[in-house]
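Asker: Give the three-dimensional model of this entry:
(one chain, ligands or ions: 1)
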Amino acid sequence: MSWAYLNNAFHKKEEVRISPYDRGFLFGDGVYEVIPSYAGKPFLYEEHISRLSKSLNEVSINKPEQWEHLKSIIEDLLKKNNFFNQIIYIQVTRGQEGIRSHTPDKLTSPTLFVESSELVTDLLLTSYKPPYINVGIEEDPRWSRCDIKAITLLGNVMTLDNMSDSGLEEVIFYKDGIITEGAKANIFLIFGEKIVTPPVSKNILSGITRNYFINLLSQNNFNIEEREVSINEIEEADEIWFTSSGKVLQMVQRINNKTLLEKDFKNTIGHKAIELFRQDVLV
Ligand code: PLP
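Answerer: Okay, the predicted model is just below:
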């Protein structure tokens, strides 16, 4: 049996209920976080909670009344669901109102929803190899505040839905000829020994995994640069990675059926990055 938390109580997942008058349901008026937990320990917890706090501030949603207890709610949930590795999902919406009105009532109490599920990964095995994915390229159809981790993800969903018809799992989004990110991850491009990732802006999410790899790789003397990348530079990339909390680091194998990665994984910079991550997480 799996458990979820809504407002003030734990419920069996199949029994958890919410009103359609919740503004999350009516307007997509809410924000969220996704936190991996390895061997019972949430990874980069403070970074995720501080981004959630920032998202709430940006959209002027009050902190839910359970905010101070969030950590113990999550610890209890992890124990109740009891998988070795888990992925925690936290969603805060502006809350439930009696009518559907675009203009929110400032006194509405936010809704807090937290759930976790098993994170199936071989990451802790020494033979670990990251997922190799096939991706497409699309003009970025999303809104101009992608720095906010909003639950409103229709542009991402539409793109991934169209991509999946051609067997593609991710997309390289670009705006005005400049690469932004993926539909569910940040992007890194490797040119020779140089690792490049687009700088933080309103067009991308400041990914926790992105920031983590930037720090980890620069501490280990890799040549890493945050700069704008033109869509034309894709042709010259030796490796492309996508980073996210759920999948850590995925390597692009093909872009629209054109093979990018022919090297043996052991000879890639992605392999070195993953090994550094594994050493860090396993201690
Ligand atoms: N960009 C988008 C659009 C995402 O949806 C995600 C993760 O869900 C990321 C980037 C990666 O963020 P993080 O590393 O914090 O999971």
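
Asker: Phi, psi for Trp241 please.
Answerer: Per-residue torsions, Trp241: phi -120, psi 150 (degrees, to the nearest 10).

Asker: ah, wrong one, I meant Val157
Answerer: phi -70, psi -50.

Asker: bridging residues for Ile190?
Answerer: Counting by DSSP bridges, Ile190 is bridged to Ile195, Glu239.

Asker: Please report how far it lies from Ser218.
Answerer: Using Cβ to Cβ, to the nearest Å, we find Ile190 at a distance of 15 Å from Ser218. Every C-beta, even on glycine, is put in place using the N, C-alpha and C of the backbone.

Asker: Got the confidence number for Val283?
Answerer: At Val283, the pLDDT value in this model is 67.

Asker: actually Leu123, not the one I wrote
Answerer: pLDDT, Leu123: 83.

Asker: I'd guessed it sits against Leu282; true?
Answerer: No: with the criterion set as Cβ atoms under 8 Å, Leu123 and Leu282 do not qualify as a contacting pair; they are 9.1 Å apart.

Asker: thinking again about what came up before, show me which of Ile190 and Ser218 is the more surrounded one.
Answerer: Neighbours per residue, other Cβ atoms under 10 Å: of Ile190 and Ser218, the larger number sits with Ile190, 22 against 13.

Asker: residue contacts, that one?
Answerer: Val196, Ala237, Asp238, Glu239, Ile240, Trp241, Thr268, Ile269, Gly270 (Cβ atoms under 8 Å, 6 or more residues apart in numbering).

Asker: Just put those in a markdown table and tack on distance to Ile90, neighbour count and pLDDT.
Answerer: Shown next, in a markdown table, are the contacts of Ile190 (distance: Cβ to Cβ, whole Å; neighbours: other Cβ atoms under 10 Å; pLDDT from 0 to 100):
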| residue | distance to Ile90 | neighbour count | pLDDT |
| --- | --- | --- | --- |
| Val196 | 31 | 19 | 98 |
| Ala237 | 34 | 20 | 96 |
| Asp238 | 37 | 16 | 95 |
| Glu239 | 32 | 19 | 96 |
| Ile240 | 29 | 24 | 97 |
| Trp241 | 26 | 27 | 98 |
| Thr268 | 33 | 18 | 93 |
| Ile269 | 32 | 20 | 95 |
| Gly270 | 29 | 24 | 95 |
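
Asker: Which pair in the residues you listed has the greatest spatial separation?
Answerer: Maximum pairwise distance among the contacts of Ile190 (Cβ to Cβ): 15.2 Å, between Val196 and Thr268.

Asker: Distance from the chain centre to stretch 69-84, please.
Answerer: Relative to the centre of its chain, stretch 69-84 is centred 20 Å away, using Cα atoms, centre = their mean, to the nearest Å.

Asker: Just the CA coordinates for it, please, in PDB.
Answerer: Provided in PDB are the C-alpha atoms of stretch 69-84 (Å, rounded to 0.1, in the frame of the first residue of the first chain):
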ATOM      1  CA  HIS A  69       6.700  20.600   9.600                       C
ATOM      2  CA  LEU A  70       7.400  19.800   5.900                       C
ATOM      3  CA  LYS A  71      10.600  17.900   6.700                       C
ATOM      4  CA  SER A  72       9.000  15.600   9.200                       C
ATOM      5  CA  ILE A  73       6.000  15.100   6.900                       C
ATOM      6  CA  ILE A  74       8.400  13.900   4.200                       C
ATOM      7  CA  GLU A  75      10.400  11.700   6.600                       C
ATOM      8  CA  ASP A  76       7.100  10.100   7.800                       C
ATOM      9  CA  LEU A  77       6.000   9.600   4.200                       C
ATOM     10  CA  LEU A  78       9.300   8.000   3.200                       C
ATOM     11  CA  LYS A  79       9.000   5.600   6.100                       C
ATOM     12  CA  LYS A  80       5.400   4.800   5.300                       C
ATOM     13  CA  ASN A  81       6.100   4.100   1.600                       C
ATOM     14  CA  ASN A  82       9.300   2.300   2.600                       C
ATOM     15  CA  PHE A  83      11.100   1.900  -0.800                       C
ATOM     16  CA  PHE A  84      14.900   2.000  -0.700                       C
END
